[in-house]
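Student: can't give you the sequence, but here's the structure:
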């Protein structure tokens, strides 16, 4: 009799939980939602976040208010999300730096990227390109590797700055290709491309959208994209992996997160809205214009992706001795 009573109570508790979750999903949101953007206004991440806020406001029935909280490589804004109440009324954008790289570059962070945050959905990838100056007599990744091996440390590569995805993609290339090149950090991909065109730096790992106009104009040579698959933006460019460095895969990315403990029903609602919005033709087109390629999925897929990226970039940071600006 006691055993039967326990079973009945357990079933009742489960049904009650399901009922509460269903009510929560239907009633959420009951007030405005804050979307924290850990970057300054402008740029692909900020543009997409504001598009997301605009479209979510239409279907959630409450304003989604975008708030820029830049600084410390994205840490300040992401920390604000992590410290917020886990009720779905504060969500935030987070990029590779704040979720997987900064903890290795900067030591202990004010938040734990895994324990203090709940992944909602990946939003987009930022393709990176390996480009060389016209004055460098190489026309392929294999020829670049040969040139670098012929003169260890003699070739320099520019990037968007110390600790950026572009910098670390170059360090990963060095590790996997077995070459030694000297890193030259710039304040963004734009200045690095400018010096590449002028021949001041022979090689650069930069975001594709910054370099593509110069590649198309023939002012620099695009050798390959760093991502594991070809990009939508420049499908004619091969990948580094198919150009002689098997398994190489490096890409900038960002996604949507919430404070850990946010109810699963709320996460599921936000995920469904995000996936729907990123598939809208007008949003997709705007994203591509900024150099971001929409790449969404489930919360579980985003969590698994983050988990796979952490040890990968930890190895690169330790091997390269990279430090944050």
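Tutor: Sure thing, it's come through. Since we're looking at a predicted model, the values are computed, not measured.

Student: State which strand of the chain is the longest.
Tutor: strand 117-126 (DSSP state E).

Student: thinking residue 176 is in contact with residue 245, fair?
Tutor: Yes. Assessed by CB atoms under 8 Å, residue 176 is found in contact with residue 245 at 5.2 Å. Just so you know, the C-beta spots here come from the backbone N, C-alpha and C atoms, and that holds for glycine as well.

Student: Give me the more crowded residue out of the two.
Tutor: residue 245 (21 against 17; other CB atoms under 10 Å).

Student: Just confirm residue 153 is within a helix.
Tutor: No. Per DSSP: H, G, I helix; E, B strand; the rest coil, residue 153 lies outside any helix segment and is coil.

Student: OK, contacts around it?
Tutor: 180, 181, 182 (CB atoms under 8 Å, 6 or more residues apart in numbering).

Student: The first one and residue 132, how far apart?
Tutor: Distance of residue 180 to residue 132, computed by CB to CB, to the nearest Å: 17 Å.

Student: Compare these two and say which is more crowded by neighbours.
Tutor: Between residue 180 and residue 132, counted using other CB under 10 Å, residue 132 has the larger neighbour count: 25 against 13.

Student: Name every strand pairing with whatever helix or strand the more buried one lives in and say which way it goes.
Tutor: Using DSSP states H and E, residue 132 sits within strand 128-133. If you go by DSSP bridges, strand 128-133 pairs up with strand 203-207 (antiparallel), strand 220-225 (antiparallel).

Student: which residue packs closest to residue 55, ignoring adjacent ones?
Tutor: Nearest residue to residue 55 in three dimensions, chain neighbours excluded: residue 277, at 4.4 Å (CB to CB, 6 or more residues apart in numbering).

Student: Quick check, pLDDT for that neighbour.
Tutor: In this prediction, residue 277 carries a pLDDT score of 97.

Student: Next, count neighbours for it.
Tutor: With other CB under 10 Å as criterion, residue 277 counts 24.

Student: ok but it is inside a helix, no?
Tutor: Yes. Per three-state DSSP, residue 277 lies within a helix segment.

Student: from memory it sits against residue 53, does it?
Tutor: No. With contact defined as CB under 8 Å, residue 277 does not count as touching residue 53 (9.7 Å).

Student: between the longest strand of the chain and strand 203-207, how big is the angle?
Tutor: 120 degrees (axes from the mean of the first three to the mean of the last three CA atoms, to 10 degrees).

Student: what are the pairing partners of strand 117-126, and which direction each?
Tutor: strand 252-259 (antiparallel), strand 293-294 (antiparallel).

Student: At the geometric centre of this structure, which residue sits there?
Tutor: residue 253 (1.7 Å; CA atoms, centre = their mean).

Student: dump the residue contacts of residue 257.
Tutor: 78, 81, 91, 92, 93, 94, 99, 117, 118, 119, 120.

Student: Excluding residues flanking it in the chain, which one is nearest the first one?
Tutor: Yep, that's residue 78 we're talking about. residue 98 (4.2 Å).

Student: got the contact list for the closest residue to residue 255 other than its chain neighbours?
Tutor: Distance criterion CB to CB, 6+ apart; nearest residue to residue 255, sequence neighbours excluded, is residue 122 at 4.1 Å. By CB under 8 Å, 6+ apart, the residues touching residue 122 are 253, 254, 255, 295, 296, 297, 301, 302, 305.
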